[in-house]
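Undergrad: quick one: sequence and predicted model below, then my questions.
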Amino acid sequence: MNFSKFGQKFTQPTGISQLMDDLGDALKSDQPINMLGGGNPARIDAVNEVFLETYRALGNDDANSTNELSSTALTSIGNYSNPQGDAAFIDSLVGFFNRHYDWNLSADNIALTNGSQNAFFYLFNLFGGAFNDASANNDSQTVDKSILLPLAPEYIGYSDVHVEGQHFAAVLPHIDTVTHNGEEGFFKYRVDFEALESLPALIEGRIGAICCSRPTNPTGNVLTDEEMSRLSDITKRYDVPLIIDNAYGMPFPNIIYSDAHLTWDDNTILCFSLSKIGLPGVRTGIIVAAPEVIAAVSALNAVVNLSPTRFGAAIATPLVNDDRIKQLSDNEIKPFYQQQATTAVRLLKEAMGDYPMMIHKPEGAIFLWLWFKDLPITTDELYEILKKKGTLIVPSQHFFPGVDVTQYPHAHECIRMSIAADEQTLIDGIQVIGDVVRALYDGK
């Protein structure tokens, strides 16, 4: 079968396809798997009870005695929305953000997508790739623009979303040794602003947008308010948008433990998701942006999806209206993962002892990022060994879009480990990681 260049690009093996395949295979395996590699959120009883209650209310709302679907449920699954997304949910989000942040949004500032991965496919192709050269005398000349990642490593799912090629520039981080809760053995990535602001692609107008996740997937790093303010100033100076991936951030699911604040203006594009509050299967992403961006996303929705799914919107709307989504995030979701991180750090330090291991300071998200400096093999090879032993992690080289990883050894020395699993899975999986890595350092 012959595929176009488009087809060939998207059928090649990628880091994100490997991750999702392994996740699916683990879920259907008849052998025990220590699932420390995927991005599935944890099952939190108090949160799931609210989702179930809301789901039942959809079916019971003004339903008659013959148990027919209620008008609310039927509307959510029996009709398309317009391409911008479910109007009732968008109105709820407008009220929520204005109530909590005083952003003065209207419905023209919000669009829905089928998950945040869908949103980044749109946004990175809107702002990265071939542009007509405004300085040229005719429209036949083009300039190729990239998405600038101010801090690598970054989310594995960004790497392959461009329709043609890969259009990324990235800045390697400052790596600082830090303490965490009074303990040694931690490090933190910080934005190298000197390198960023001297980047030729930025100075020469070959950057279409700057993007960061906050907290960062894979590392759990949270860019400080000062770093975010400096990034915002840079984007305005160069007249490009600042895209912020808030999949793990404020106000929901709010898996952030450091002191951080959420801001927005019409040069900022905020991306949210219902996945990490515990609803990954409903595939609901949220974009908050200037009206012209929302219009472009809506047009793409019409072509690619006709309209976004409405089921997630139907479940989330009442939770947004009465702020339960924020209460669940603040009181159940964030404390759960903070405790998971504490447990996982303790288990890792017990498993590794004095062997070389540094942990990125856990500031948020649902992962730990482990650095095995001078590991005798790459973490791609480590991944294969651990997989054979029934433990899944994600190797680091896939998290460096825009970086020549052949010239950056650090990109082959780290792993991302999920902390969303139950305690026994953490115990078993971390024990396997410790046994294998210690043996590698010992040359066995």
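TA: Here it is on my side, so go on. Quantities reported herein were computed from a predicted structural model and do not represent experimental measurements. Numbering: from 1, shown residues only.
Undergrad: other SSEs contacting whichever strand or helix holds residue 46?
TA: In the assignment (DSSP states H and E), residue 46 maps to helix 45-60. With contacts taken as 3 or more CB pairs under 8 Å, 6 or more residues apart in numbering; DSSP states H and E, helix 45-60 sits against helix 71-78, helix 311-321, helix 324-328. Backbone N, C-alpha and C define where each C-beta goes, glycine included.
Undergrad: distance of residue 151 relative to residue 207?
TA: To residue 207, residue 151 is 15 Å away according to CB to CB, to the nearest Å.
Undergrad: in stretch 321-333, what's buried?
TA: Residues 321, 325-326, 328-330, 332-333 are the ones in stretch 321-333 that count as buried (16 or more other CB atoms under 10 Å).
Undergrad: which among the helices and strands packed on helix 45-60 is found nearest to residue 248?
TA: Among the helices and strands packed on helix 45-60, helix 324-328 comes nearest to residue 248, with 14.5 Å by CB to CB.
Undergrad: re earlier: need the winner for burial among the helices and strands packed on helix 45-60.
TA: Across those, averaging neighbours per residue (mean count of other CB atoms under 10 Å) puts helix 311-321 on top, at a mean of 22.
Undergrad: pretty sure residue 321 contacts residue 92?
TA: Yes: at 5.2 Å, residue 321 counts as touching residue 92 under the criterion of CB atoms under 8 Å.
Undergrad: what's the pLDDT at residue 33?
TA: On pLDDT, residue 33 comes in at 89.
Undergrad: my error: substitute residue 71 in the last question.
TA: The model reports residue 71 with a pLDDT of 60.
Undergrad: same question for residue 133.
TA: 77.
Undergrad: can you get me a residue count around it?
TA: 15 (other CB atoms under 10 Å).
Undergrad: I'd assumed residue 141 was in contact with it.
TA: Yes: Residue 133 is in contact with residue 141 according to CB under 8 Å; the separation is 4.4 Å.
Undergrad: buried ones in stretch 353-370?
TA: Buried residues in stretch 353-370, counted by 16+ other CB under 10 Å: 357-370.
Undergrad: could you look up the SS state of the spatially closest residue to residue 155 that is not a sequence neighbour?
TA: Leaving out its chain neighbours, the residue that sits closest to residue 155 by CB to CB, 6 or more residues apart in numbering is residue 217, at 4.6 Å. Under DSSP: H, G, I helix; E, B strand; the rest coil, the three-state class of residue 217 is coil.
Undergrad: surely residue 217 and residue 158 touch.
TA: No: under the criterion of CB under 8 Å, residue 217 makes no contact with residue 158, lying 9.6 Å away.
Undergrad: just to revisit the earlier point, for the residue nearest to residue 155, which residues are in contact?
TA: Residues near residue 217 by CB atoms under 8 Å, 6 or more residues apart in numbering: 39, 154-156, 245, 247-248, 365, 367.
Undergrad: please repeat the previous calculation with a cut-off of 7 Å.
TA: Residues counted as contacts of residue 217 (CB atoms under 7 Å, 6 or more residues apart in numbering) are 155, 247-248, 365, 367.
Undergrad: for the helices and strands packed on helix 45-60, give me a markdown table that also has distance to residue 397.
TA: A markdown table is the format used below for the helices and strands packed on helix 45-60 (distance: least, CB to CB, whole Å):
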| stretch | distance to residue 397 |
| --- | --- |
| helix 71-78 | 41 |
| helix 311-321 | 33 |
| helix 324-328 | 35 |
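Undergrad: the strands in the stretch 151-300 of the chain, which residues?
TA: Secondary structure of the stretch 151-300 of the chain (DSSP state E, counting those that start in this stretch): strands located at 168-170, 174-180, 183-190, 207-213, 242-245, 268-273, 285-288.
Undergrad: select, out of those strands, the one closest to residue 348.
TA: The closest of the strands of the stretch 151-300 of the chain to residue 348 is strand 183-190. By CB to CB, the value is 9.2 Å.
Undergrad: the closest one - what's its average pLDDT?
TA: What strand 183-190 shows for mean pLDDT is 97.
Undergrad: ok, residue 283 touching residue 115?
TA: Yes: Residue 283 lies in contact with residue 115 (CB atoms under 7 Å); the separation is 4.1 Å.
Undergrad: these two: which has the busier surroundings?
TA: residue 115 (23 against 19).
Undergrad: any idea how far residue 285 is from the more buried one?
TA: Going from residue 115 to residue 285 by CB to CB gives 5 Å.
Undergrad: cool, and residue 215?
TA: In this view, residue 215 and residue 285 are 17 Å apart by CB to CB.
Undergrad: same question, residue 124
TA: 14 Å.
Undergrad: cool, residue 43 as well?
TA: Distance of residue 43 to residue 285, computed by CB to CB: 21 Å.
Undergrad: neighbour count winner among the two?
TA: A direct count of neighbours by other CB under 10 Å for residue 43 and residue 285 places residue 285 higher, at 26 against 10.
Undergrad: the more buried one and residue 275 touch, don't they?
TA: No: Residue 285 is beyond contact range of residue 275, at 8.3 Å (criterion: CB under 7 Å).
Undergrad: any common contacting residues for the two?
TA: Counting by CB under 7 Å, 6+ apart, the common neighbours of residue 285 and residue 275 are residue 115.
Undergrad: so what's the residue count around the residue nearest to residue 161 when sequence neighbours are not counted?
TA: Of all residues beyond its chain neighbours, the one nearest residue 161 is residue 121 (4.6 Å), with distances taken as CB to CB, 6+ apart. For residue 121, the count of nearby residues is 21 (other CB under 10 Å).
Undergrad: residues near residue 435, how many?
TA: By the criterion of other CB under 10 Å, residue 435 has 14 neighbours.
Undergrad: element containing it, please.
TA: Residue 435 belongs to helix 423-441, assigned by DSSP H and E.
Undergrad: quickly list what residue 360 is bridged to.
TA: The partner list for residue 360 in beta bridges (DSSP bridges) reads residue 187.
Undergrad: what does residue 269 give?
TA: Applying DSSP bridges, one finds that residue 269 bridges with residue 243.
Undergrad: pretty sure residue 242 sits against residue 267.
TA: Yes: at 6.3 Å, residue 242 counts as touching residue 267 under the criterion of CB under 7 Å.
Undergrad: looking at the two, which one has more neighbours?
TA: Remark: of residue 242 and residue 267, residue 242 carries more neighbours, 23 against 14, as counted by other CB under 10 Å.
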